[in-house]
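Trainee: sequence below, structure please.
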Amino acid sequence: MPWAKFGLCLVLLLFFTPAAQPRLTPPWPQTHVPVFEQPGKVFAGSPEEMIVAAIDAVRQGRMADARATIDALLVKEPNYNLAHLVSADLYAMRAAPLASLGGAAVDAPRDRLDDLKREAQVRLLHHLAPPPAERMLPAQLLVLSPGQEHAVVVDSSAARAYLFKNVDGVPTYVTDYYVTIGKLGTDKTREGDQRTPLGVYFVTSHMTRPQLDKIYGEAASLYGVGAWPLSYPNELDRREGRTGHGIWLHGVPYDTYSRAPQASNGCVALTNEDMTALARQLAPGSTPVVNVTRIEWLDRASWDARRAQALARLEAWRGAWESLDTQRYLSFYGNRFTDQDGQNLAGWQKQKAAVNAGRSWTKITLDKVSIFATSGENATWVATFDQDYRSDALDNRMRKRLYWQEENGAWKIQWEGRARAG
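Mentor: Predicted structure coming up:
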């Protein structure tokens with residue numbers, strides 16, 4: 001028995017001691033290196049492309065590539081919290097496998113960890129399931145006026161803001177960005193509810209960082225590179241009694257790369273790098289920002305049909321008004337209609353009947369038309385245009401807006417008045 005034990009120990013010693021292993025003739029076999037120590041390939045790209053590539057590499061077992069990419073990303077963006085989380089996981093997995101992302105952060109606050117997991121999830125989902133290439137026309141942008149060179153659609157469910165360029169009236173996809181929305185989601189109704197409003201808005205101005213510092217002091221750090229206020233509450237919001245103010249597009253504090261998908265007080269926040277890039281395409285006073293729960297993507301034929309439907313409805317309303325056909329004209333107004341002064345449908349009908357009775361002719365033209373749409377339970381068309389009204393008794397020009405909603409299977413005007421922005 002002692003000789004047997006000695007023999008076993010000798011075999012093990014010879015097998016596991018490198019110096020005792022026999023040398024082989026060239027080419028030499030590859031020396032065994034743990035998977036985490038192998039030279040990895042860095043995926044070059046934007047910070048989002050790099051974090052997604054690193055997470056993909058972990059999922060596929062390419063730990064060296066994940067490590068190399070994360071290290072390079074943290075050199076580029078040292079304040080990227082999600083990248084730090086993945087980095088910690090990669091170190092922890094040297095000792096033992098982890099059940100899920102963030103498994104190494106056992107002492108991290110649960111809400112903070114959940115935020116980072118959610119950020120990873122929405123970024124990865126966007127990478128794995130982007131909008132179909134054959135359907136890249138948003139139903140939210142039906143008609144762009146010639147002066148609106150770009151438009152933004154915010155998809156809150158995907159935590160993305162999509163930028164489109166106006167190419168001969170067709171919204172053409174340019175790029176998209178990860179965004180943060182309100183802590184409690186969307187559908188803002190009152191001041192301080194920490195929700196992001198849904199609807200059609202316009203960029204109204206630009207507040208530079210020096211201006212923000214002067215107004216808000218240290219609190220201005222929340223807005224990063226600056227802020228671009230939106231026209232919330234819009235005319236329909238006011239009619240519906242929605243309150244609140246200060247809904248902006250803005251950056252993030254300089255000590256963090258990005259915030260969680262739901263972390264703002266109602267604004268739409270982008271990384272400072274992305275906000276700077278997007279800001280170059282924003283024209284205060286005209287650029288639309290349409291906030292929706294989910295973008296409806298259409299192919300060209302479907303988008304053309306939806307656009308033609310909206311334009312035809314608007315033209316039918318204009319034609320009925322111009323022809324002094326009061327009954328047909330008033331049929332375009334919904335039961336919940338109010339005008340900019342709060343006048344209801346009954347008062348509007350009485351006023352328009354009296355006005356038309358005193359006219360012998362009218363000429364009405366609409367110019368610089370835009371039509372944007374929301375979806376969901378209260379789907380809305382927002383039509384804005386320069387209106388030139390001429391008659392034998394009155395000449396009037398104004399920038400007008402109509403809010404249309406479906407009622408009994410037909411699109412009806414629910415608000416009409418002067419446009420505040422856009």
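Trainee: the helix or strand of the chain with the lowest mean pLDDT: what's the following helix or strand?
Mentor: When the helices and strands of the chain are compared on mean pLDDT, DSSP states H and E, helix 2-16 comes out lowest with a mean of 30. Downstream of helix 2-16, the first helix or strand assigned by DSSP states H and E is helix 47-59.
Trainee: contacts for that next one, please.
Mentor: Under the criterion C-beta atoms under 8 Å, 6 or more residues apart in numbering, residues 43-45, 63, 65-66, 69-70, 72-73, 76-77, 80, 82-83, 86, 89-90, 101, 120, 123-124, 127, 178, 257, 271, 273 lie in contact with helix 47-59. Where C-beta positions appear, they are placed from N, C-alpha and C, glycine not excepted.
Trainee: buried residues in it?
Mentor: 47-48, 50-58 (16 or more other C-beta atoms under 10 Å).
Trainee: secondary structure element for Ala283, which one?
Mentor: Using DSSP H and E, no helix or strand contains Ala283.
Trainee: tell me where this structure is predicted with low confidence.
Mentor: For the chain, applying pLDDT under 70 flags the ranges 1-37.
Trainee: ok, longest helix in it?
Mentor: As assigned by DSSP state H, the longest helix anywhere in the chain is helix 300-322.
Trainee: output the contacting helices and strands for the helix or strand immediately after that helix in the chain.
Mentor: The helix or strand immediately downstream of helix 300-322 is helix 326-330, counting by DSSP H and E. Secondary structure elements in contact with helix 326-330, counted by 3 or more C-beta pairs under 8 Å, 6 or more residues apart in numbering; DSSP states H and E, are helix 300-322, helix 345-357.
Trainee: could you chop this structure up by domain?
Mentor: Under the assignment automatic domain parsing, the domains of the chain span 47-128, 138-298, 300-418.
Trainee: quick one: which of these is nearest Gln38?
Mentor: domain 47-128 (4.2 Å; C-beta to C-beta).
Trainee: quick one: residues contacting Asp392.
Mentor: 359-361.
Trainee: how many neighbours does Gly217 have?
Mentor: Neighbourhood size, Gly217 [other C-beta atoms under 10 Å]: 9.
Trainee: and for the one 4 residues further on?
Mentor: Applying other C-beta under 10 Å, we find 16 residues neighbouring Ser221.
Trainee: so what does the residue nearest to it when sequence neighbours are not counted look like in phi/psi?
Mentor: With C-beta to C-beta, 6 or more residues apart in numbering as the criterion, Ser221 has its nearest non-adjacent residue at 5.0 Å, and that residue is Pro253. Main-chain torsions, Pro253, degrees, to the nearest 10: phi -50, psi 150.
Trainee: try Gly217
Mentor: Taking degrees, to the nearest 10 as the convention, Gly217 sits at phi 60, psi -140.
Trainee: gap between Leu230 and Asn291?
Mentor: 9 Å (C-beta to C-beta, to the nearest Å).
Trainee: now list whatever residues contact both of those two.
Mentor: Here Leu230 and Asn291 have Tyr201 as joint contacts, going by C-beta under 8 Å, 6+ apart.
Trainee: my guess is the residue nearest to Ser221 meets Val225, correct?
Mentor: No: counting by C-beta atoms under 8 Å, Pro253 does not reach Val225; the two are 10.6 Å apart.
Trainee: these two: who's more crowded?
Mentor: More neighbours surround Val225 than the other of Pro253 and Val225, with 19 against 15 (other C-beta under 10 Å).
Trainee: hang on, Ile413 in a helix?
Mentor: No: Ile413: not assigned to a helix; according to DSSP: H, G, I helix; E, B strand; the rest coil it is strand.
Trainee: okay but it is in contact with Asn335, surely?
Mentor: No: assessed by C-beta under 8 Å, Ile413 is found out of contact with Asn335, at 11.0 Å.
Trainee: returning to what we had before: for the longest helix of the chain, name the packing helices and strands.
Mentor: Against helix 300-322 (3+ C-beta pairs under 8 Å, 6+ apart) you get strand 137-138, strand 141-143, helix 326-330, strand 362-373, strand 380-391, strand 395-407, strand 410-418.
Trainee: this completes my enquiry, with thanks.
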